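S.K.: Show me how the following folds:
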Amino acid sequence: MAFSLRRLILGSPLPTWRALHERLPKVLALPVFASDAMSSVAYATEEIVIALSAAGALALYHVIPVTIAIVLLLAIVVTSYRQTIYAYPSGGGSYIVAHENLGVVPGLTAASALLIDYTLTVSVSVAAGVAAIISAVPAWEPYRVFMCLGFIALVAIANLRGLRESGLLFAVPAYAFIVSFLVMIVAGAVKALGHAAPPSHVAPLHVTEQLGFFLILRAFAGGCSAMTGTEAISNGIPAFRPPQSKNAAQTLVMMAVVLGTFFIGISCLAQYLHITYSPTETVVSQIAAWTFGRNWFYFAIQIVTMVILVLAAETSFAGFPRLASILAQDRFMPRQLANIGDRLVFSNGIVALWVLSSLLIIIFHGSVHLLIPLYAIGVFLSFTLSQAGMVVHTLRRKERGWRHVVAISTIGAITTAAVAVVQAVAKFTHGAGIVIVLIPIMVWIFLKINRHYRTFASQLRLPSGEPPAAPEVRNTVLVFVPGIHRGIIPALQYAKSLSPDCRAVYIETEPEGTPLIEERWEKWGQGLPLVVLESPYRSMIQPILKYLDDVKEERVRHIVTVVIPEFVPLKFWHKVLHNQSGILLKFALLFKRDIVVTNIRYYLEE
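M.R.: Model (predicted):
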């Protein structure tokens, strides 16, 4: 039943030869890899407005200059990443570039920053999508967290079904978002050029700060959340149809054009309408309400905004598992993350991202403004390391046009490094310090994992030359006897077949019952000696552990096999009605050297 339900939800397994057919054309790759970047226009302008509102209404005239500065930065980063796509067609993005050209630690720093950013992308985008729908229906506010968790689950399940299926599922909402926002911006611009009056009920602002350089930097840092997701295409090049690099580069440019156009359009309308921050209504909602009124198209805008923001999580679900698989192949993350599931996706990475992003939603109560300060720092750090790595890569090769590439990558590295510093300073006290501390901790964990795998491999490596003579294996067998019943007979017979050095062990927790056990043993003990271990404190584990130590001292260089009889009930839930001393003993012996534990099962019948 469970297997059938899993197949119903996730679909039938796909053979390996289908992998090529699961790759994405550009028309599907755009919603899969660019949803995050495109959707961020729904809240990037709002973050600028929130920061500038602290200095009063006059400060809001800086919304457009800050937006233009961010769009210019976007152009620099996109131009630089196009070069990365052609230089590293195998994908991996910032991690591969930094690892290969700058060293292990810079590569892992980029990977840590990206993994954090991918996780935050899911949480922030879904929370922003839910905020958009709550703007239209405020009565749903109490269900914010549950709605966020539900949407994350839907996106995760869609990705577990396969990359191509998720692309088909998300294509229509993504293009509906593009069309509806384009209509809103054009209609709003026409109305503004016709000198339509802005709304007269603008909420008054309470000035809490002076307009200064640091406040503008904070607004710039908040607006830079529009650039998150830009690197996802360079990470996922292998998911594109051939020619992969060309298709990925064209998709990157399409994404940048849509993002830049929408970002400037929304910021211009927000400044014209003197929009201020409202805790109950988003900037996009205020623009749509002024442009169309609260009619069906207004609600359509809110719905597609919510959908694209939720689907922006798709960018992370496409990028996080792929990056985790590369790190796992390089032995910096658990190797299970490199496994491809039966639907030709990295299922373990998808589930890991599902769990982590859901935890963030619960911890921060699904609040966009609590999550945003942690956001975008990691991505700009990875931008910087990637561009610096491209400078080193190009200087090593000095291929045709290398000076042009070095110039672009150098400008990109310097610019994004400056933005990363601005992000860290401006947002440090608002939660960014958590990310700054977390990145080196993750790098340390990755190095420890890698050290384990290297040690593990060196100890398992076969020696050169002729294989050494195998030592003689001598086995001492102990049978754990919880009582005398029919279920232990097969265990005793199996133990006798392993070694003549065989004995049974009984734990005496109630001394008055021991004579009956010894009497029955004479008849049913298969001729094996019975060792009775006293347990005055009624522990089942400690006496056996102590006795095993004594046996190991007595039987030097012996393998000790512990045979545990276990009966299997008819129903799974019947197990909770019985003692699980055998399971506890297995756990206790899990890391004991030269100890073999085996179960002999006795199946109960009707």
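S.K.: and the longest helix seen in the chain, which residues are buried?
M.R.: Across the chain, the longest stretch assigned as helix under DSSP state H is helix 104-136. For helix 104-136, a neighbour-count test (16 or more other C-beta atoms under 10 Å) marks 106-136 as buried. Where you see a C-beta, it was placed from the backbone N, CA and C, and this is true even at glycine.
S.K.: For it, what does the pLDDT average out to?
M.R.: The pLDDT scores in helix 104-136 average 86.
S.K.: Next secondary structure element downstream of that helix?
M.R.: helix 144-160 (DSSP states H and E).
S.K.: now for that next one, which elements pack on it?
M.R.: helix 2-10, helix 104-136, helix 163-193, helix 296-311, helix 313-329, helix 347-363 (3 or more C-beta pairs under 8 Å, 6 or more residues apart in numbering; DSSP states H and E).
S.K.: hmm, try it at 7 Å
M.R.: Contacts defined by 3 or more C-beta pairs under 7 Å, 6 or more residues apart in numbering; DSSP states H and E place helix 144-160 against helix 104-136, helix 163-193, helix 296-311, helix 313-329, helix 347-363.
S.K.: Using PDB, write out the CA atom coordinates for that helix.
M.R.: Extracted in PDB, the C-alpha atoms of helix 144-160 (Å, rounded to 0.1, in the frame of the first residue of the first chain):
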ATOM      1  CA  ARG A 144       0.600  32.100   7.400                       C
ATOM      2  CA  VAL A 145       3.000  29.400   8.600                       C
ATOM      3  CA  PHE A 146       0.800  26.400   7.600                       C
ATOM      4  CA  MET A 147       0.400  27.900   4.100                       C
ATOM      5  CA  CYS A 148       4.200  28.300   3.800                       C
ATOM      6  CA  LEU A 149       4.800  24.700   4.800                       C
ATOM      7  CA  GLY A 150       2.200  23.400   2.500                       C
ATOM      8  CA  PHE A 151       3.600  25.300  -0.500                       C
ATOM      9  CA  ILE A 152       7.100  24.100   0.200                       C
ATOM     10  CA  ALA A 153       5.900  20.500   0.400                       C
ATOM     11  CA  LEU A 154       4.100  20.900  -3.000                       C
ATOM     12  CA  VAL A 155       7.300  22.300  -4.700                       C
ATOM     13  CA  ALA A 156       9.400  19.500  -3.100                       C
ATOM     14  CA  ILE A 157       7.100  16.800  -4.300                       C
ATOM     15  CA  ALA A 158       6.900  18.200  -7.800                       C
ATOM     16  CA  ASN A 159      10.700  18.100  -7.900                       C
ATOM     17  CA  LEU A 160      10.800  14.500  -6.600                       C
END
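S.K.: Just checking the distance from it to the centre of its chain.
M.R.: 14 Å (C-alpha atoms, centre = their mean, to the nearest Å).
S.K.: Tell me what angle it forms with helix 347-363.
M.R.: 170 degrees (axes from the mean of the first three to the mean of the last three C-alpha atoms, to 10 degrees).
S.K.: number of nearby residues for Y88?
M.R.: 22 (other C-beta atoms under 10 Å).
S.K.: Verify the stated contact: it with H99.
M.R.: No. Using C-beta atoms under 7 Å, Y88 is not in contact with H99, being 10.7 Å away.
S.K.: picking up where we left off before, what angle do the longest helix of the chain and helix 296-311 make?
M.R.: Helix 104-136 and helix 296-311 are oriented at 150 degrees to each other (the same axes, to 10 degrees).
S.K.: Could you figure out how far helix 104-136 is turned away from helix 313-329?
M.R.: For helix 104-136 against helix 313-329, the angle by the same axes, to 10 degrees is 160 degrees.
S.K.: contact partners of stretch 523-542?
M.R.: Residues outside stretch 523-542 that contact it (C-beta atoms under 7 Å, 6 or more residues apart in numbering): 484, 489, 492-493, 496, 502-509, 514, 518, 521, 543-544, 547, 581, 584-585, 588.
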